[in-house]
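Just to be clear, the model below is a prediction. Sequence and coordinates:
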Amino acid sequence: MRDNTLELIGLYMRTTVRSWFQYRVDALLRSVAVFLREAAGVIAIYFTLLKFDNLNGWGLQEMMFLYSLLFLTYGILIIFFTGLRDFGAMVRTGKFDRYILRPRGLLFQMIFVNADWFAAVGHGGLGILLFVITAGRVGIRWTPGTIVYYVLAVAGGVLIQGAVFLFLATLNIFLLETGSLKELLYYDTRKFAGYPISIFHKAIQCFMIYVVPMAFVNYFPAQFLLRKPDMAQFPEIFLYIPFAVGVGVYLLAYLFWRFGLRFYKSSGN
Amino acid sequence: MGSLIEVRDLSKTFKVSRRGKGIPGMVANLFVPRYEKRQAVKEVSFDIEEGEMVGFIGPNGAGKSTTIKMLSGILYPDSGSLRVAGYVPYRQRRDYVSKIGVVFGQKSQLQWDLPVIDSFELLKAIYRIPGEVYRRNLERYTEMLNMGGFLNQPVRQLSLGQRMRADIVAALLHSPRIVFFDEPTIGVDVVGKEVIRSFLRELNARDRLTMIFTTHDMQDIEKTCRRLLIIDGGSKVYDGSLEGIRAKYSAVRQLEVEFAESLTVLPMEHVTIQDLDAYKKRFLFESAQVEIQDLMNRLLSEYPVRDLNITEPAIEGIIRRIYGGEEV
Amino acid sequence: MSLIPYFAYAKKSFLGRSAYRFDHLMGIFSTCLQVFIYWNIYRALYGQRTEVDGITMAMVTTNFILSLGLREAFYTDDGYLSRKIRDGSIATELLHPISFKGRMLAENLGNALFNLIFRFAPAVLISVCIVGIQPPADAESVALFMVSAVLGYGVLWAISFACQMTAFWLMNTWSLFTVKNVFVGILSGSMIPLWFMPEWMGGVLKATPFSSIYFTPVQIYLGQLSLKEIGARCAVQLLWAAGIFLLGDFLWRRGQKKLVVQGG
């Protein structure tokens, strides 16, 4: 039988975009609102650094560059992983049962059927804007090597956060309510990731490197490209592995998902 | 070759978490979860042949939706065996689900904001339906259900009846062999219900499509199904025809008689007499105690009878009695 | 006019909140975490310095604890009116023999009181234990801080009230409130202490009500203002609260007319 998986992915994407565009004005306003909401933190840091010049050696442009990675990865992430973020609701409303009833992979459907375009445009737009403003001013030499590194780092960052969502979705099969845990393990952790992690206590650094490895989403990739002095306290190897970390944690989360799925089918929530 | 659907000793137990009271209970539950087991389905067995229309009924929490979820591959059974169209649903999910269709009356599978036809096109890609098959099915079903007028309208603008028709077609586009219906007429007006029921009857007659219904609307069952499976407390309590259920459970029969004049009927043994109006009376009796032939002969010989009518008690009432007074 | 029904509404929303215990724990945790993050940032920014422009690290910490703590307490239900308009219940509620605006305020006050006790107090206490706080200048400052905080809530509530009135014309107010929160966040001092705002932002701060919400109470607590200044600042707070409320009230009356014209 002809494989039409790519065609289907295209069709899914078209469907989510068209649904989103049904409310054109509102969609635009929402995207702008998300953009501004996320920009608030950047504006605050901007004013702060006008006064203080630098944060542990990181100047204004460099901080914006650090931020850009965080927003860009989230913008891409949310095109693909919205279904995992909202897994709890999907189980409650029976939408997930419908995926089981269709002759396609479950994770495949979760990833491609849902996309939060408000967040994608809001976060992604801010990420691109910050990148465009700062990429040429922070002293990075954009060679084929650094470009490939950057692309891989973004992909790794998407995978790391996707893994967190996938892990939390699986946990949802076992626990009734994981909203607070999501708040804790993802959103609260991400608040730290907006800043050079060197300013935080060792315990928090360890948490962001070894537990929820958000440090590999933006801090270490930015360090690879910028080489700020505060890198001295971390092993050099961290600069080279963000993509590997992304693939690794995603695989781990995927195995956990496969394991958890059996329990869904045996409990049905 | 065996039956299309073979179910043997199917059982399913759920672990239900038991929560303690207040914050201490919640915290305790976080560390040492306590469960109690609740058997939802107990050793249920049945066969369904190709082309049957079967109604699955039972009170809420009786285990009928758990059974259907196992049949459709959403849940694993704990024990027993299950074979549908040659597949083990929970093991061969992807291959199996292309052979079935499922309609959830309360959960649409259509894209809320987009025209109906867009959802159909999406399903065509999801199920890899060959273009020719898709066109043929779409044309045929939309004509039979008279859907041409709203194929290009967004789903959110449809009436409940229109949406339900679209949802039924969505479940049929890939030419499934078996279709499961969960409350397929809920909230639909009387005319709309009739359109849906006659469509399903026709489909069954022409294509020998096998259909399984779970519904609270006994009219759905009476007008579509020849066979009834009643589940209560996780066990099968009845499996047979609609007529059979009347014979088996409805001991009470009733005879309505219209007399030529207003009169008083003398009391008879084992028969309850109700006055309906001046001329009409209803005679209630148990078939084990009173032969209907005897009663009729006696009335005809002793009184001026103008009309005589044996009425069946409504199936709904009988089933309510089987459940022991529970809401159908 | 009797106040009893309004007390009943306030009480109802106060008690209604106690059902979501876990949410409260998470809210408190999140606020403490935010304080902790800012503390880390400013510790790094200050480095070896003891003060910047006469502002000590302890004052910065105090600013964040109080403004983020008050943010926990200052409850406004921004979606209240738009929900009632969308589900149509506004039409029947307007027929009730009590003031709809009064009810809005009463319900918010009930919630705010709950948050004051169960979210503000624990969040501030925990934060103080972790990062410390500058003690208040004197007892008088504490008392005036409380007066000013109440006025600050008045300003925030009036802003929410006025913005909510746009629900009569807009289908969806989510975007507007998100943008409102951006302004409140940046210009109120809860994301950057307003001492450190660049000079040219001074005009913006003066021309907008946002610094009245948290920053005025914080300055009073720290004893940065003379009695005369305090009086002036509190008058400014009062003017903002009243002015914005009146604007909202104007929109409210226009909106109601629109509702009647459309037949509810």
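Nice, I can see it. Residues are numbered from 1 along each chain as shown, chains lettered A, B, ... in the order given.

Can you tell me which residues in the stretch 201-328 of chain B are near chain C?
By Cβ under 8 Å from any Cβ of the partner chain, no residue of the stretch 201-328 of chain B approaches chain C. (C-beta placed from N, C-alpha, C; glycine too.)

Where do the strands of the stretch 201-328 of chain B begin and end?
Using DSSP state E, counting those that start in this stretch, the strands of the stretch 201-328 of chain B run over B:210-214, B:227-232, B:235-241, B:252-259, B:271-275, B:280-286, B:305-311.

can you tell which of those is closest to chain A?
Chain A sits nearest to strand B:210-214 of all those, at 14.0 Å, using Cβ to the nearest Cβ.

Does stretch A:150-168 reach chain C?
No - on the criterion Cβ under 8 Å from any Cβ, stretch A:150-168 is out of touch with chain C, staying 14.7 Å away.

sorry, back to before: tell me which of the strands of the stretch 201-328 of chain B sits most buried.
strand B:210-214 (a mean of 24; mean count of other Cβ atoms under 10 Å in any protein chain shown).

if we can go back for a sec, closest to residue C:83 out of the strands of the stretch 201-328 of chain B?
Closest to residue C:83 of the strands of the stretch 201-328 of chain B is strand B:210-214 (Cβ to Cβ; 34.9 Å).

what sits against the residue lying closest to residue A:34 once chain neighbours are set aside?
Nearest residue to residue A:34, sequence neighbours excluded (Cβ to Cβ, 6 or more residues apart in numbering or on different chains): residue A:122, at 2.7 Å. Contacts here follow Cβ atoms under 8 Å, 6 or more residues apart in numbering or on different chains; on that basis residue A:122 touches A:30, A:31, A:32, A:33, A:34, A:35, A:37, A:38, A:75.

Going by distance to residue C:165, which of those residues wins?
The shortest approach to residue C:165 among the contacts of residue A:122 belongs to residue A:33, at 18.4 Å (Cβ to Cβ).

on contacts alone, who are the packing partners of the helix or strand containing the closest one?
Here residue A:33 sits within helix A:24-52, counting by DSSP states H and E. If contacts are counted by 3 or more Cβ pairs under 8 Å, 6 or more residues apart in numbering or on different chains; DSSP states H and E, helix A:24-52 sits against helix A:60-80, helix A:117-134, helix C:21-46, helix C:174-187.

Show me which positions of it end up buried.
Residues of helix A:24-52 classed as buried by neighbour count (16 or more other Cβ atoms under 10 Å in any protein chain shown): A:26-27, A:29-42, A:44-49, A:52.

in chain B, which spans are helices?
B:22-31, B:64-71, B:93-97, B:116-126, B:131-144, B:160-172, B:190-207, B:218-224, B:242-249, B:292-302, B:315-322 (DSSP state H).

Name the surrounding residues that touch the shortest one.
Right, the one you point to is helix B:93-97. Looking at what lies outside helix B:93-97 - Cβ under 8 Å, 6+ apart - the contacts are A:100-105, B:72-73, B:84-85, B:87-89.

In CSV: the residues you listed, plus pLDDT.
Output for the contacts of helix B:93-97, formatted as CSV (pLDDT from 0 to 100):
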residue, pLDDT
A:100, 93
A:101, 94
A:102, 95
A:103, 94
A:104, 93
A:105, 92
B:72, 92
B:73, 90
B:84, 94
B:85, 92
B:87, 94
B:88, 93
B:89, 91
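
Distance to residue A:242 and neighbour count added to those, as CSV?
Shown next, in CSV, are the contacts of helix B:93-97 (distance: Cβ to Cβ, whole Å; neighbours: other Cβ atoms under 10 Å in any protein chain shown):
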residue, distance to residue A:242, neighbour count
A:100, 34, 21
A:101, 38, 20
A:102, 35, 21
A:103, 36, 16
A:104, 31, 19
A:105, 27, 14
B:72, 43, 24
B:73, 39, 25
B:84, 47, 24
B:85, 48, 17
B:87, 44, 18
B:88, 43, 14
B:89, 42, 25
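
Just give me the neighbour total for residue C:179.
18 (other Cβ atoms under 10 Å in any protein chain shown).

and if you look at the one 4 residues further on?
By the criterion of other Cβ under 10 Å, residue C:183 has 15 neighbours.

Tell me the pLDDT of the closest residue to it other than its chain neighbours.
Leaving aside its chain neighbours, residue C:183 sits nearest to residue C:210 (6.1 Å; criterion: Cβ to Cβ, 6+ apart). Note for residue C:210: predicted pLDDT of 96.

Could you check how far residue C:210 is from chain A?
Relative to chain A, residue C:210 is positioned 12 Å away (Cβ to the nearest Cβ, to the nearest Å).

ok now do that residue, which residues does it touch?
With Cβ under 8 Å, 6+ apart, residue C:210 has these contacts: C:183, C:184, C:187, C:188.

Show me how to select, in PyMOL, the buried members of the residues you listed.
Buried members of the contacts of residue C:210, defined by 16+ other Cβ under 10 Å, are picked up in PyMOL with:
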select buried, chain C and resi 184+187+188
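
Can you name the two of the contacts of residue C:210 that sit furthest apart?
It's C:183 and C:188 that sit farthest apart of the contacts of residue C:210, by Cβ to Cβ, at 8.3 Å.

residues near the spatially closest residue to residue A:51 that is not a sequence neighbour, how many?
The shortest distance from residue A:51 to any non-neighbouring residue, by Cβ to Cβ, 6+ apart, is to residue C:196 (4.4 Å). Residues near residue C:196, counting by other Cβ under 10 Å, number 21.
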